[in-house]
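K.L.:
Here is my input; please provide its structure:
(2 chains)
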Amino acid sequence: EAQVTQNPRYLITVTGKKLTVTCSQNMNHEYMSWYRQDPGLGLRQIYYSMNVEVTDKGDVPEGYKVSRKEKRNFPLILESPSPNQTSLYFCASSETPGQGANEQYFGPGTRLTVT
Amino acid sequence: GQNIDQPTEMTATEGAIVQINCTYQTSGFNGLFWYQQHAGEAPTFLSYNVLDGLEEKGRFSSFLSRSKGYSYLLLKELQMKDSASYLCAVRDPGGSYIPTFGRGTSLIVHP
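P.N.:
Here you go, the predicted structure:
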């Protein structure tokens, strides 16, 4: 089954404790992306990757890191989480944007709470 | 920059028709998407328009006018399960073809 998986689905942590949210897709997609979703603000892009070893900042990259060592995986790293990073996070993947529809497939989401 | 506007919330009655509008201002245009998102779940793809006109897919249709920077999503024969947020996203070649999302329209369908 074609899918994007994220782990963990729920996480409660404390300020400053490094964490990683994993994302994996099995569709051989070149493009992957991370979003955060907050009430009233919609989906905002954090980082994206056009292919292996190619990553770029989105609209809200501060406080986050990513890596793309393999095509299928795109982990999101919070080196020192703060309460303002409490949010619902989505990973997404697609074929290379700009060629046809190539809609994004989203993972199930990770609800992060930083206290 | 990009600016995408949608109404925040709409309500409608089961069995009725509802139209959700999206207006956008972007430096370039390479397609407009509509996604559906139920509360606490992932967005799922509904439609894609790149040329002017209406695209119909079952109970859902999407319309695009590039000259007006305008799209709408039309939902017919509303069902309770259509209660969800509907996200409009625009792809801009000037932005590396990365889609930018509007804030979404929360649709409440009542009996």
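
K.L.:
Tell me how many other residues surround B:R91.
P.N.:
Neighbour count for B:R91, taken as other CB atoms under 10 Å in any protein chain shown: 24. (C-beta placed from N, C-alpha, C; glycine too.)

K.L.:
residues touching it, list them.
P.N.:
A:97-98, B:29-33, B:97-100 (CB atoms under 8 Å, 6 or more residues apart in numbering or on different chains).

K.L.:
ok, now A:S93?
P.N.:
Listed by CB under 8 Å, 6+ apart, the contact set of A:S93 reads A:4, A:25, A:27, A:29, A:31-33, A:74, A:104-105.

K.L.:
go on, A:M27?
P.N.:
With contact set as CB under 8 Å, 6+ apart, A:M27 has these partners: A:2-4, A:93, A:105.

K.L.:
one more time with 6 Å
P.N.:
For A:M27, the contacting residues are A:A2, by CB atoms under 6 Å, 6 or more residues apart in numbering or on different chains.

K.L.:
Can you tell me the SS state at it?
P.N.:
Going by DSSP: H, G, I helix; E, B strand; the rest coil, the secondary structure assigned to A:M27 is coil.

K.L.:
Not including adjacent chain positions, what is the nearest residue to A:I77?
P.N.:
Leaving aside its chain neighbours, A:I77 sits nearest to A:K65 (4.3 Å; criterion: CB to CB, 6 or more residues apart in numbering or on different chains).

K.L.:
Partner strands of the worst-scoring helix or strand of chain B on mean pLDDT and their direction?
P.N.:
Least confident element among the helices and strands of chain B, by mean pLDDT, DSSP states H and E: strand B:99-101 (a mean of 90). Sheet pairing of strand B:99-101 (DSSP bridges) gives strand B:84-91 (antiparallel).

K.L.:
Next, report how far the partner strand is displaced from the centre of its chain.
P.N.:
Relative to the mean C-alpha coordinate of its chain, strand B:84-91 is positioned 5 Å out (CA atoms, centre = their mean, to the nearest Å).

K.L.:
Stretch A:74-88 too?
P.N.:
Using CA atoms, centre = their mean, the offset of stretch A:74-88 from its chain centre is 10 Å.

K.L.:
got it, and stretch A:3-20?
P.N.:
11 Å.

K.L.:
if we can go back for a sec, the contacts of B:R91, buried ones only, as a ChimeraX selection?
P.N.:
Listed next is the ChimeraX selection for buried residues among those, using 16 or more other CB atoms under 10 Å in any protein chain shown:
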select /A:97 /B:29,30,31,32,33,97,98,99,100
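
K.L.:
could I get the contacts of B:R91 as a markdown table with distance to B:Q6 and secondary structure?
P.N.:
Listed next are the contacts of B:R91 as a markdown table, based on distance: CB to CB, whole Å; DSSP: H, G, I helix; E, B strand; the rest coil:
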| residue | distance to B:Q6 | secondary structure |
| --- | --- | --- |
| A:P97 | 21 | coil |
| A:G98 | 23 | coil |
| B:F29 | 17 | coil |
| B:N30 | 19 | coil |
| B:G31 | 17 | coil |
| B:L32 | 12 | strand |
| B:F33 | 13 | strand |
| B:Y97 | 21 | coil |
| B:I98 | 19 | coil |
| B:P99 | 14 | strand |
| B:T100 | 12 | strand |
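
K.L.:
Alright, that wraps it up for me.
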